[in-house]
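*Asks:* how would this look folded up:
(chains A and B)
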2 protein chains.
Amino acid sequence: MQEVVLRDGLQSERAFVPTAQKIALADALSRTGIAKLEVTSFVSPKAIPNLADAEDVLRGITRVPGVLYTVLVPNMRGAERALNCGASIDEWNLVMSVSESHNLMNLRMTREQSFTQLAAVVALARSSPTPVAINVSLSCCFGCPVEGEVPPAEVHRWAARFLELDGVGGVSLCDTTGMAFPSQVQTICNEHLRRWPDAETTLHFHNTRGLGLANALAGLAAGIDRFDASLGGLGGCPFAPGATGNICTEDLVHLLELEGCATGVDLPALLEVSRQLAATVGHDTPGQVVKAGQRLDTKPAPDWLEGVRARALAKGGD
Amino acid sequence: MQEVVLRDGLQSERAFVPTAQKIALADALSRTGIAKLEVTSFVSPKAIPNLADAEDVLRGITRVPGVLYTVLVPNMRGAERALNCGASIDEWNLVMSVSESHNLMNLRMTREQSFTQLAAVVALARSSPTPVAINVSLSCCFGCPVEGEVPPAEVHRWAARFLELDGVGGVSLCDTTGMAFPSQVQTICNEHLRRWPDAETTLHFHNTRGLGLANALAGLAAGIDRFDASLGGLGGCPFAPGATGNICTEDLVHLLELEGCATGVDLPALLEVSRQLAATVGHDTPGQVVKAGQRLDTKPAPDWLEGVRARALAKGGD
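*Replies:* Below you'll find the predicted structure:
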């Protein structure tokens, strides 16, 4: 389970979340058993003011052994900032879009320009005195809000270009604007895994059209068990009109555990952190299990039930 | 596609929806290509005031050929009312719970008492001068909010008792409080279909914990293709604490069509009716496709995109 609320979740929040609250959220999350925590993004503070305190958050958190701390590195300027943070970052998460239009909208570069720049970022990461893993998040793998369908061949082509670079250990196939559907997910994941059985592959879904959890199950059926998710279902890409939240971490954990897939996450602890999140961001979140409780969180029978039962039995017919 | 917004949707609305608006909603829905429309319930007006106008709604609607009009008949009093409405009803939808506690809470009877009464209702329906189909909705097939797990054997036992009655053509396996999960759905549906391959089986899910659409896909994989759903995702059982809406009709249609399963529903028309629903009930609804648009409802590229592209290309590297 890879928690992205501090980056994908907070980046679209209008009100600035104080640094101390981000640190408290990161520390609380890292104690719930999640495998990876995306702490922040080295994006331009002008583009995303809520993440302007990236270095301060990284400096402030208390590292929990076993948790992998990752940071979004969108460009060379971000890579230089990441390098300065040294050993406090375990993984750089690079990003570009497999859709030309979305890449231009989001990163103001052609895909080729992004690739050239990110290849240089990979080289810089490998020059780091402290070891750093590299993941590449590929946006719009299941559709582009401007171009519509994205040919799966484009997904596989860009995944290959990055995975063939020395130092890149994994890719995330991202459904940036919630256009994926289950059979499509399965088809694309099957082919991706056929080509890259040993790469670390992550799925990143948004719940824009209600299909996030169904898509996660489709990916799991294909054989992928790494998922980005956001506490409370917070999130959305500010450059993708209409995109609503990421899939909700606690709802996904609840589902996966029911399906017999051990996540290692302490769900009651995660739900407690989720309850605090609404206060932190100042509004309700889309998460459902935090409101409804877990499946077997039964309610006590109402006081009057035994009276009803006694009267029913007195009438006979049972 | 079996639309239940007029019954399961409206029964939990606090504000009374005027009869004329219910009729307009029923008529609009029945022109979208849905297979079945649950028009109302002959429940006690004291228990559910919003459905007190059942007869008036039935009298007021304009029947569309090919649409099956069904009405919830919870008890003998309801059956007598249904009988009086004669040919304006194609199907009586009977209801009881496979959980003893939930049946006592909801219907104030033991399950045996409910069965005895509903068997008499079936006999009454068969005495009707106009032919009427009979379906039985079994509540809490995937869990009970008070008892917790419900043994699948109970589901199969009650399904059998009803399907063995002359005149009962189908059952609905209902997840009344959103406790179902996909592998459970598949297990229960597989066994049900093994026993009753020729019965008309419907699945009825609530999205309480975000799993409604994933559960529908699991049921579809098992071989069941009849689904209750509620426009806008409205709904919930007033006697099931924490239960939120039914699965959303338009979101389910959107999913099924993407999965290559023809629903016969005109989705743009359905979305138009859904947009009107929020005004009718006076609040936002949980449906997501009505807000986000269909998967390939792309946005026009922003005006500035071509400028960005030109500047990016001028920089080279492409």
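*Asks:* helices of the stretch 1-150 of chain A, start to end?
*Replies:* For the stretch 1-150 of chain A, helices defined by DSSP state H, counting those that start in this stretch occupy the ranges A:19-30, A:54-60, A:76-85, A:100-107, A:111-126.
*Asks:* which strands and helices sit next to the third one?
*Replies:* Looking back up the chat, that one is helix A:76-85. Under the contact criterion of 3 or more Cβ pairs under 8 Å, 6 or more residues apart in numbering or on different chains; DSSP states H and E, helix A:76-85 touches helix A:54-60, strand A:68-73, helix A:111-126. All C-beta spots, glycine's among them, are computed from the backbone N, C-alpha and C.
*Asks:* low-confidence ranges in chain A?
*Replies:* The model of chain A has pLDDT under 70 over residues A:236-243, A:317-318.
*Asks:* apply 90 and report the result again.
*Replies:* A:11-15, A:47, A:86-87, A:128, A:235-245, A:278-279, A:281-286, A:298-303, A:315-318 (pLDDT under 90).
*Asks:* still on that earlier bit, out of the helices of the stretch 1-150 of chain A, which is the most enclosed?
*Replies:* The highest mean neighbour count among those, using mean count of other Cβ atoms under 10 Å in any protein chain shown, belongs to helix A:100-107: a mean of 23.
*Asks:* do that helix and chain B come into contact?
*Replies:* Yes: judged by Cβ under 8 Å from any Cβ of the partner chain, helix A:100-107 and chain B are in contact via A:101, A:104, A:105.
*Asks:* now these in a markdown table, with distance to residue B:267?
*Replies:* Listed next are those as a markdown table, based on distance: Cβ to Cβ, whole Å:
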| residue | distance to residue B:267 |
| --- | --- |
| A:101 | 25 |
| A:104 | 31 |
| A:105 | 28 |
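*Asks:* from those residues, which is closest to chain B?
*Replies:* Among these, residue A:104 lies closest to chain B (Cβ to the nearest Cβ), at 5.1 Å.
*Asks:* so what's that closest one up against?
*Replies:* Residue A:104 is in contact with A:110, B:305, B:308, B:309, B:312, counting by Cβ atoms under 8 Å, 6 or more residues apart in numbering or on different chains.
*Asks:* which stretches of the stretch 201-318 of chain A form strands?
*Replies:* Taking DSSP state E, counting those that start in this stretch as the test, the strands found in the stretch 201-318 of chain A are A:226-229.
*Asks:* can you map out the helices along it?
*Replies:* A:212-222, A:249-258, A:267-281, A:289-292, A:305-315.
*Asks:* is the longest one up against chain B anywhere?
*Replies:* No: for a cut-off given as Cβ under 8 Å from any Cβ, helix A:267-281 has no contacts with chain B; the smallest distance is 11.9 Å.
*Asks:* check which residues of that helix are buried.
*Replies:* Within helix A:267-281, the residues scored as buried using 16 or more other Cβ atoms under 10 Å in any protein chain shown are A:267, A:270, A:271, A:273, A:274, A:277, A:280, A:281.
*Asks:* which ones are touching the closest residue to the last one other than its chain neighbours?
*Replies:* So that's residue A:281. Leaving aside its sequence neighbours, residue A:281 sits nearest to residue A:13 (Cβ to Cβ, 6 or more residues apart in numbering or on different chains; 5.6 Å). Contacts for residue A:13 (Cβ under 8 Å, 6+ apart) come out as A:50, A:234, A:281.
*Asks:* out of the residues you listed, which is nearest to chain B?
*Replies:* The nearest one, if we look at the contacts of residue A:13 relative to chain B and count by Cβ to the nearest Cβ, is residue A:234, at 14.4 Å.
*Asks:* from memory that closest one sits against residue A:282, does it?
*Replies:* No: assessed by Cβ atoms under 8 Å, residue A:234 is found out of contact with residue A:282, at 11.7 Å.
*Asks:* counting neighbours, go ahead and name the busier of the two.
*Replies:* Taking other Cβ atoms under 10 Å in any protein chain shown, residue A:234 and residue A:282 do not tie; residue A:234 has more neighbours (29 against 10).
*Asks:* give the contact list for the more buried one.
*Replies:* A:5, A:8, A:9, A:10, A:12, A:13, A:245, A:246, A:277, A:281, A:285, A:286.
*Asks:* now with 7 Å, please.
*Replies:* A:5, A:9, A:245, A:281, A:285 (Cβ atoms under 7 Å, 6 or more residues apart in numbering or on different chains).
*Asks:* which one of those is nearest to chain B?
*Replies:* Within those, the smallest distance to chain B is 10.5 Å, found for residue A:245 (Cβ to the nearest Cβ).
*Asks:* for the nearest residue to the closest one once chain neighbours are set aside, give its distance to residue B:23.
*Replies:* What sits nearest to residue A:245 in space, not counting adjacent residues and going by Cβ to Cβ, 6+ apart, is residue A:233, at 4.2 Å. Computed as Cβ to Cβ, to the nearest Å, the residue A:233 to residue B:23 distance reads 37 Å.
*Asks:* how about residue A:300?
*Replies:* Taking Cβ to Cβ, one finds residue A:300 at 41 Å from residue B:23.
*Asks:* from the buried residues of helix A:267-281, which is closest to residue B:191?
*Replies:* residue A:267 (28.8 Å; Cβ to Cβ).
*Asks:* do I have it right that residue A:149 meets residue A:140?
*Replies:* No: at 10.4 Å, residue A:149 does not count as touching residue A:140 under the criterion of Cβ atoms under 7 Å.
*Asks:* with neighbour numbers in mind, choose between these two.
*Replies:* Between residue A:149 and residue A:140, counted using other Cβ under 10 Å, the more crowded position is residue A:140 (29 against 14).
*Asks:* run through the residues of the stretch 1-150 of chain A sitting next to chain B.
*Replies:* When proximity is defined as Cβ under 7 Å from any Cβ of the partner chain, the stretch 1-150 of chain A approaches chain B at A:101, A:104-105, A:108-110, A:112-113, A:116, A:143, A:145-148.
*Asks:* export those residues to JSON lines and append columns for distance to residue A:250.
*Replies:* Output for the residues of the stretch 1-150 of chain A next to chain B, formatted as JSON lines (distance: Cβ to Cβ, whole Å):
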{"residue": "A:101", "distance to residue A:250": "34"}
{"residue": "A:104", "distance to residue A:250": "35"}
{"residue": "A:105", "distance to residue A:250": "31"}
{"residue": "A:108", "distance to residue A:250": "35"}
{"residue": "A:109", "distance to residue A:250": "36"}
{"residue": "A:110", "distance to residue A:250": "39"}
{"residue": "A:112", "distance to residue A:250": "39"}
{"residue": "A:113", "distance to residue A:250": "38"}
{"residue": "A:116", "distance to residue A:250": "39"}
{"residue": "A:143", "distance to residue A:250": "26"}
{"residue": "A:145", "distance to residue A:250": "27"}
{"residue": "A:146", "distance to residue A:250": "32"}
{"residue": "A:147", "distance to residue A:250": "33"}
{"residue": "A:148", "distance to residue A:250": "32"}
